[in-house]
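> Generate a structure from the sequence data that follows.
(one chain, ligands or ions: 1)
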Amino acid sequence: LKPRQYTTCLPTPLLSPPNPACPLESDGRFWSPTPWCPTPSDGYESGPPDCIFTTPHIRNQGLSVITFPPLAAALVSPALDDSLVPPSFRRYNSSAEKWKIAPLSNRGLGLVATGSFKQHETVMVGFPVLIVRLEFINGDRYSMKNKRKMLDVAVGNLPEETRRQVEGLARSNPSNEKDWIVDVLRTNGFGIEIAGEGHLALFLEGSRVNHNCRPNAFWRWVPSKLAMEVVALRGIGKGEEVAHSYAPLGYTHEQRKAVLQPWGFQCQCALCSAPARERDVADARRDRILEVYQTLSKAADLNSVERVDQLVNEALVLIEKEELQPQLVEYYAHFARAYIEINELKKAREFIQKADKMWLLYGGEEHENVDGMLELWNLLKEAELEAEDD
Ligand SMILES: C[S@@+](CC[C@H](N)C(=O)[O-])C[C@H]1O[C@@H](n2cnc3c(N)ncnc32)[C@H](O)[C@@H]1O
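So this is what the prediction gives:
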């Protein structure tokens, strides 16, 4: 690997609008040691190199990032400014935390509530210690050997205690398994976006949260704080395990098995361990929810307010029974579109308002679907104007 000290400004094609600041001149003092930018194997012309950036003290644990320089520059402020992070996002009082990481039967360590949580209460806030551009891992700009070397440097730059904890996430002894860190990232990394580019983020405690096909929690990414929140989906009692779903919600047993396969474990959650008859009931409901969704996509063909009402109510009941509430984000918007199609604009408006609320709850204040919601409001506005003209 040829190190390349990266000191000149790059074009910033990945940021929109382009970041006017020269990436390393503006944040060179922030990263330590000096960022290291090995030349990709297929030559520098094909775009900026991925560089290793480390800030060893941030959030008391340090952070290493492997990404393009403009994207690292985009992280520096405000996300990585500790003084701009509100108290609720600082781990300033660990005795206030109502959780612990504890061993569980069949699934290693996991997150356990040591107090009770109300529905939608934040259970845990976590900050990443390693962020790696997804295409750096999955693409072939760098050979496997060079990827390994760069990841080793990124982890090696972290403070000793953090490094030890990252190594503790490995399934086998890191000294015997050369690709351990790639495996840790693939099995524990959370997908996040930085300026629209996919990255994998590794959290020390967040990585211990197990999967459940009928989860009692979900996770929410807060880009401006560079934080992950684990939020209670329903009330959670003291002593209960807190788990979220690694798979998209609403899948049937077989679909979940296929999606979970890359994680390399057999799901032991209550739903997967339930008698086949019980699982079949859940599968049938999940299939039916999807069927209703598809039928509502052609609401104009139904041409009946009663029929649309019936289908909407049926889906709502099934979603509740299957505890798939986060799916309402999408379903409320879908119901609104169906009502617009059949000119039931009052009902459409109610569902758009509900979808807006759901996005804030499940996607957070900084959710990415602002444009999607705006489009829906505009669709309604057009329909309302047309209705006035008639
Ligand atoms: C992201 S880690 C979660 C923390 C892990 N239990 C530990 O001890 O570090 C994912 C791993 O946890 C285990 N796991 C998570 N959810 C599980 C489940 N529902 N059933 C069985 N194993 C599970 C699997 O070994 C999986 O590869």
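> Name all residues that make contact with Ala201.
128, 130-131, 189-192, 228 (C-beta atoms under 8 Å, 6 or more residues apart in numbering). (Glycine included, C-beta is placed from N, CA and C.)
> Please look at Arg214 and Ser273 and confirm they touch.
No - contact criterion C-beta atoms under 8 Å: Arg214 and Ser273 do not qualify, at 11.4 Å.
> Whichever residue of the stretch 101-250 of the chain sits closest to the ligand: neighbouring residues, count only.
Closest residue of the stretch 101-250 of the chain to the ligand, C-beta to the nearest ligand atom: Gly108 (2.7 Å). Close neighbours of Gly108, defined as other C-beta atoms under 10 Å, add up to 11.
> Start the count at 32 instead of 1 going forward.
Understood, numbering begins at 32; the last thing we discussed is Gly139.
> Now do the contacts for it.
By C-beta under 8 Å, 6+ apart, the contact set of Gly139 is Asn241.
> out of Arg245 and Ser304, which sits in the busier spot?
Arg245 (17 against 12).
> ok, that one to Cys303 distance?
Taking C-beta to C-beta, to the nearest Å as the measure, Arg245 and Cys303 are separated by 9 Å.
> Likewise for Val262?
Distance from Val262 to Cys303, by C-beta to C-beta: 23 Å.
> Where does pLDDT dip in the protein?
32-60, 72-78, 108, 119-126 (pLDDT under 70).
> which parts of it sit against the ligand?
Applying C-beta under 6 Å from any ligand atom, we find that the chain lies next to the ligand at 137-141, 218-219, 238-239, 241-243, 294-296, 298-300.
> Strands of this protein, residue ranges please.
Ranges of strands in the chain, per DSSP state E, are 82-86, 94-98, 130-134, 140-144, 153-157, 159-164, 221-225, 228-234, 248-253, 258-263, 272-273.
> got the buried residues for stretch 128-140?
Within stretch 128-140, the residues that count as buried by 16 or more other C-beta atoms under 10 Å are 129-130, 135, 138, 140.
> which stretches of this protein form helices?
In chain order, the chain shows helices spanning 54-58, 100-107, 165-169, 175-187, 191-198, 211-219, 284-291, 301-304, 307-328, 330-333, 336-352, 359-372, 376-389, 401-420, with DSSP state H as the criterion.
> Out of the ones you listed, flag the one nearest Gly266.
Gly266 lies closest, by C-beta to C-beta, to one member of those: helix 336-352, at 15.0 Å.
> Show the secondary-structure elements that the closest one is packed against.
Helix 336-352 sits against helix 307-328, helix 330-333, helix 359-372, with contacts defined as 3 or more C-beta pairs under 8 Å, 6 or more residues apart in numbering; DSSP states H and E.
> Identify all contacting residues around the shortest one.
Same thing as helix 330-333. Applying C-beta under 8 Å, 6+ apart, the contact partners of helix 330-333 are 326, 339, 342, 368-370, 372-373.
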